[in-house]
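*Asks:* Sequence isn't available, so here's the structure alone:
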């Protein structure tokens, strides 16, 4: 467990950590502005860091010199250390493809759930809760099933059957509420904080970014410390994209790399909450919009990590773009045909985003690019139901096909 | 690439390998009797083997001293090296749980597909084909999508939507044939062999076992070279179970371990093809039965690897048991509640088998046990659709639940 402080991203005020501290006391209880800050100057001097004693396949806990947890649970050893593939895509050579569908619950969210569970244990909690579009919840439910802690899950009743199955199988108490993600989020927060349960809401609890940032660390070490020019990732609440920035920033702070990539957030045209706030410019203010998309994992109208996401993405000269649902489905199928990788809608949007930016000549052949695929396509098969072939054939038809 | 010969398991005749050699020329073209044999005495003396220079998280290609391939493809580095968890289950401490759902296509079958693709490339093939209950096909289609080779897939039209989606997304040419797995298998074999396509049928092509055996190697090294007393695994064609035996046997041959576990094959009561042949006793003869089960991956009436499976399991004092479909569904949900792991039906049967054997006092507290979970539950969500909660709640109901 690494010593740290909490710092408000808006007013820079610093706080000593204490259980349940989720907002800056000076900034009027705006959630999602605290960041976890370590003593980077001291970490920089440590031998393991200086000698880059890091492993391309180890779990995310190899980065414990930049993690705030002490407890260990059974899945820790197999979270992170996910594949970084290289494919020639859309005219670009060796595009890096970080595939997080191989985590235990098949999504990027395991990185955050694991940290949350370990901190909850460190603090002696007996209950955890989470509101989620699906992946964060199924991740928490799965990874927490074997601990002594109870899990309450709040999801919109519209989540894909696959994610619902994961939740129910793990024995969590699930409330599939008739409402939008944004409404369910507020409801769960009201009860959760009142009851004193440990909060696995990545956008509010600053510690969850600490797990998610390890994806950036892995991109760096798996690519032999060469930082790509661009990193593209799907954006809902804005937490994963914020965590990627923080990961690259910290590795730069401790001297392991000397630049931060331009990070580009890809949203759905139908409900581009973070993009709306970012494009309006500073000061970034949370704002709720309405809309929808087939990419359930990024169907968020009131993004809770919007201040961090906008601030960080501005800092690295990144920006936000958006895709139509048709473009998202095309991204899934094209990525699949070229690479074999089946991504869920929110996992495929980086590919669609790259295609768009190449078309617009904003990314060219000379740029190095990493796509972050945050979840397996098996988590939402329904999303491609109208585009894939489902016909069957008779024996005679097969015979005819090959005897010609 | 390690030099090897092919040997007939029935008559012990040895052959030099040649492309397309799938049966012993002396034993009347019975498929599935050839095994790949290396020079174990010489391998035993190699430094890396003697010093056990093996890694708990490396891909299965770390075992290239016992593998017959030369080509490399993009997924190789991330196949195998899957988690070995330890859970207290059913009164037993530290039951080993080998979870292969974290492979690229979310099943054990990637180990075999990867070997098949690399050999097909070594031999200069331009087309591969596979008949499958679903997982082998989706694995081949995914891993082969990025190569220059064409993929023909033959599956029964009844395969789960999830596996069909994986197939279609990867761009393979899919024939979803109106017939049983056994019928589709014969049809594909007829065309495939006639056309000279490379055959990814694990039960016939002796090389595919070479990929699958690496699961046994990993159980050994991840458990610090302590061999469990029992290994339980689901059985359809009989290939995975045969491969586990061969893996333990080879590690014993080269002096890395000194015993082979009792391997227990778990089938479905509705269609226990291998068990039927095994229980009749020697000489083991392929036999077709009819029946069905919800566990699609092991719904095989005419098991093609039955001779190897029975011979090997007899050699290690193992045996076969079977579960009803209700017991299989219970196994999925119980395993999920205790561990958080969501297994597909055929992946959960080892848990159900363990429960049965503990009840029958055939396995007791003093035994060490490993369960091999061959595929993710996300590959067949439909299997649990009748047993999981799918109700939704209103805001008022949530409020009421927590205000009491």
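*Replies:* Yes, it's here. Everything numeric here is computed off the predicted structure, so don't read it as measured data.

*Asks:* And the strands in the stretch 1-150 of chain A, which stretches?
*Replies:* With strands called from DSSP state E, counting those that start in this stretch, the stretch 1-150 of chain A shows them at A:5-8, A:14-15, A:34-37, A:84-89, A:92-99, A:127-131, A:150-156.

*Asks:* got TSV for the ones you listed, with mean neighbour count too?
*Replies:* Every C-beta, even on glycine, is put in place using the N, C-alpha and C of the backbone. Below are those laid out as TSV (neighbours: other Cβ atoms under 10 Å in any protein chain shown):
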stretch	mean neighbour count
strand A:5-8	18
strand A:14-15	14
strand A:34-37	21
strand A:84-89	18
strand A:92-99	19
strand A:127-131	25
strand A:150-156	24
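
*Asks:* Let's have those in JSON lines, adding mean pLDDT and distance to residue A:70.
*Replies:* Formatted as JSON lines, the entries for the strands of the stretch 1-150 of chain A read as follows, by pLDDT from 0 to 100; distance: least, Cβ to Cβ, whole Å:
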{"stretch": "strand A:5-8", "mean pLDDT": "95", "distance to residue A:70": "17"}
{"stretch": "strand A:14-15", "mean pLDDT": "94", "distance to residue A:70": "20"}
{"stretch": "strand A:34-37", "mean pLDDT": "95", "distance to residue A:70": "15"}
{"stretch": "strand A:84-89", "mean pLDDT": "98", "distance to residue A:70": "29"}
{"stretch": "strand A:92-99", "mean pLDDT": "98", "distance to residue A:70": "28"}
{"stretch": "strand A:127-131", "mean pLDDT": "95", "distance to residue A:70": "17"}
{"stretch": "strand A:150-156", "mean pLDDT": "95", "distance to residue A:70": "21"}
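
*Asks:* so which of the ones you listed comes closest to residue B:50?
*Replies:* With Cβ to Cβ, the closest approach to residue B:50 among those belongs to strand A:84-89: 32.7 Å.

*Asks:* Kindly provide the whole-number mean pLDDT of stretch A:267-285.
*Replies:* Mean pLDDT, taken over the full extent of stretch A:267-285, equals 96.

*Asks:* middle-most residue in chain A, spatially?
*Replies:* The residue at the geometric middle of chain A, judged as the C-alpha nearest the mean C-alpha position with Cα atoms, centre = their mean, is residue A:240 (3.4 Å).

*Asks:* Verify the contact between that residue and residue A:373 for me.
*Replies:* No: with contacts counted by Cβ atoms under 8 Å, residue A:240 stays clear of residue A:373, the gap being 11.3 Å.

*Asks:* can you tell me which residues contact residue A:317?
*Replies:* residue A:262 (Cβ atoms under 8 Å, 6 or more residues apart in numbering or on different chains).

*Asks:* Same list (the strands of the stretch 1-150 of chain A) but as CSV, adding distance to residue B:225.
*Replies:* Putting the strands of the stretch 1-150 of chain A into CSV (distance: least, Cβ to Cβ, whole Å) gives the following:
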stretch, distance to residue B:225
strand A:5-8, 45
strand A:14-15, 49
strand A:34-37, 40
strand A:84-89, 30
strand A:92-99, 31
strand A:127-131, 37
strand A:150-156, 36
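
*Asks:* Which positions in the stretch 1-150 of chain A make contact with chain B?
*Replies:* Taking Cβ under 8 Å from any Cβ of the partner chain as the measure of proximity, the stretch 1-150 of chain A contacts chain B at A:57-58, A:74-75, A:77-78, A:81, A:83, A:85-87, A:99, A:102-104, A:106, A:141-146.

*Asks:* How about the stretch 301-404 of chain A?
*Replies:* In this structure, the stretch 301-404 of chain A approaches chain B at residues A:332-333, A:336-342, A:376-379, A:381, A:384-385, A:388-395, A:398, A:401-402, judged by Cβ under 8 Å from any Cβ.

*Asks:* Restrict these to the buried ones and give me that as a PyMOL selection.
*Replies:* Of these, the buried ones can be selected in PyMOL as follows, counting by 16 or more other Cβ atoms under 10 Å in any protein chain shown:
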select buried, chain A and resi 332+333+336+338+339+340+341+342+376+377+378+379+381+384+388+392+393+398
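
*Asks:* I figured residue A:4 was touching residue A:36, is that so?
*Replies:* Yes: between residue A:4 and residue A:36 there is a contact at 5.1 Å, judged by Cβ under 8 Å.

*Asks:* Mutual contacts of the two, please.
*Replies:* Jointly contacting residue A:4 and residue A:36 under the rule Cβ under 8 Å, 6+ apart are residue A:68.

*Asks:* Secondary structure element for the residue nearest to the centre of chain A, which one?
*Replies:* Secondary structure assignment for residue A:240, by DSSP states H and E: helix A:239-253.

*Asks:* Now residue A:83: closest residue in space that isn't a chain neighbour?
*Replies:* Nearest non-adjacent residue to residue A:83, counting by Cβ to Cβ, 6 or more residues apart in numbering or on different chains: residue B:78, 4.2 Å away.

*Asks:* before we move on, what about residue A:335?
*Replies:* Counting by Cβ to Cβ, 6+ apart, the nearest residue to residue A:335 once its immediate chain neighbours are dropped is residue A:351, at 4.4 Å.

*Asks:* helix/strand/coil for that neighbour?
*Replies:* In terms of secondary structure, residue A:351 is helix; the call rests on DSSP: H, G, I helix; E, B strand; the rest coil.

*Asks:* Make sure I have this right: residue A:322 is in a helix.
*Replies:* No: looking at residue A:322 with three-state DSSP, it is strand, so not inside a helix.

*Asks:* Name whatever forms a beta bridge with it.
*Replies:* Note on residue A:322: beta-bridge partners residue A:267, judged by DSSP bridges.

*Asks:* What pLDDT does the model give residue A:239?
*Replies:* pLDDT, read off for residue A:239, is 95.

*Asks:* didn't it look like it was pressed against residue A:212?
*Replies:* Yes: shown here, residue A:239 and residue A:212 form a contact pair, counting by Cβ under 8 Å, at 6.4 Å.

*Asks:* Spit out the residues that contact those two alike.
*Replies:* For the pair residue A:239 and residue A:212, residues contacting each of them under the criterion Cβ under 8 Å, 6+ apart are A:112, A:202.

*Asks:* how's chain A carved up into domains?
*Replies:* Each structural domain of chain A that the record assigns through automatic domain parsing is listed here as a residue range: A:5-51, A:76-107+A:207-384, A:110-199.

*Asks:* Serialize those to TSV and add fields for distance to residue B:22.
*Replies:* Supplementary listing: the domains of chain A in TSV, determined by distance: least, Cβ to Cβ, whole Å:
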stretch	distance to residue B:22
domain A:5-51	51
domain A:76-107+A:207-384	26
domain A:110-199	38
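
*Asks:* looking at those, which one has the lowest mean pLDDT?
*Replies:* Ranked by mean pLDDT, the domains of chain A end with domain A:5-51 at the bottom, a mean of 89.

*Asks:* where does that one sit relative to the chain's centre, distance-wise?
*Replies:* The gap between the average C-alpha position of domain A:5-51 and the chain average comes to 20 Å, counting by Cα atoms, centre = their mean, to the nearest Å.

*Asks:* Can you check which of the strands of the stretch 1-150 of chain A gets nearest to residue A:202?
*Replies:* strand A:127-131 (9.0 Å).

*Asks:* for residue A:304, phi and psi?
*Replies:* Backbone torsions of residue A:304, given as degrees, to the nearest 10, read phi -90, psi -20.

*Asks:* Spatially nearest residue to it, not counting backbone neighbours?
*Replies:* Closest to residue A:304 by Cβ to Cβ, 6+ apart is residue A:203, at 3.1 Å.

*Asks:* Can you verify that neighbour is assigned to a strand?
*Replies:* No: remark: residue A:203 does not belong to a strand; assigned using three-state DSSP, it is coil.

*Asks:* Contact partners for it?
*Replies:* Residues counted as contacts of residue A:203 (Cβ under 8 Å, 6+ apart) are A:31-32, A:237-239, A:303-305.

*Asks:* nearest to residue B:164, of the domains of chain A?
*Replies:* domain A:76-107+A:207-384 (8.6 Å).

*Asks:* Provide a list of residues in contact with the nearest residue to residue A:69 once chain neighbours are set aside.
*Replies:* Using Cβ to Cβ, 6+ apart and skipping residues adjacent in sequence, the residue nearest residue A:69 is residue A:118, 3.9 Å away. The contact partners of residue A:118, by Cβ under 8 Å, 6+ apart, come to A:69-73, A:76.
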